[in-house]
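S.K.: What would the 3D arrangement of this be:
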Amino acid sequence: MKNETGIIGAIMNYLRLIENMGDGYFFRCNSFSGYIKRINGTTGFIKNNKPGLPDICGCYLGLFVGFEVKYATNKQSDFQRDAEKKIKDAAGNYFVVHDVTDVQNILDRMKALARGDS
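M.R.: Predicted coordinates for the structure are as follows:
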């Protein structure tokens, strides 16, 4: 993959397979803020989601999980590091991933822990 968008798409395709097996539910967390033009011609400002949310969130085997996708050497922003801390402080799971294999390995480890494997 040549960019984060492509990696996110590949990861979401994999996570749809996990959903189809009944083990989880995942969604893309798009953050957007900016000016909009409404259908009636007026303008306004819209902001959704909190800054720093992981790219992909979901529930896997009853646990919250967030995946922040990074391409190559890209680093987390201050907002993303703050979100990671808050999610972990709330007993959630947060991972920085670079490809589908990272996500597969994480979910395999989570499944093994849920079964009581070491």
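
S.K.: which residues of the chain score low on pLDDT?
M.R.: Along the chain, the parts satisfying pLDDT under 70 run over 1, 118.

S.K.: Where do the helices of it begin and end?
M.R.: Secondary structure of the chain by DSSP state H: the helices cover 4-20, 78-89, 100-115.

S.K.: Show residues contacting the second one.
M.R.: Contact partners of helix 78-89, identified using CB atoms under 8 Å, 6 or more residues apart in numbering, comprise 50-54, 64, 66, 68, 76, 93-94. (Glycine included, C-beta is placed from N, CA and C.)

S.K.: how many neighbours does residue 99 have?
M.R.: The local packing of residue 99 (other CB atoms under 10 Å) involves 15 other residues.

S.K.: Hmm, residue 7 and it touching each other?
M.R.: Yes. Here residue 99 lies in contact with residue 7, judged by CB atoms under 8 Å, at a distance of 6.1 Å.

S.K.: Contacts only, for the nearest residue to residue 30 once chain neighbours are set aside.
M.R.: The spatially closest residue to residue 30, leaving aside those adjacent along the chain, is residue 49, at 7.1 Å (CB to CB, 6 or more residues apart in numbering). If you count contacts by CB under 8 Å, 6+ apart, residue 49 has them with 29-32.

S.K.: which one among those gets closest to residue 2?
M.R.: Using CB to CB, residue 30 is the member of the contacts of residue 49 that sits closest to residue 2, with 20.0 Å.

S.K.: Just want the phi and psi numbers for the closest one.
M.R.: When quoted as degrees, to the nearest 10, the phi and psi of residue 30 stand at phi -80, psi 130.

S.K.: measure it to residue 86 for me?
M.R.: Remark: distance between residue 30 and residue 86 (CB to CB, to the nearest Å) = 19 Å.

S.K.: What count of nearby residues applies to the residue nearest to residue 37 when sequence neighbours are not counted?
M.R.: Nearest-residue entry for residue 37: residue 43, 5.3 Å, with adjacent residues in sequence omitted and distances by CB to CB, 6+ apart. If you count neighbours by other CB under 10 Å, residue 43 ends up with 8.
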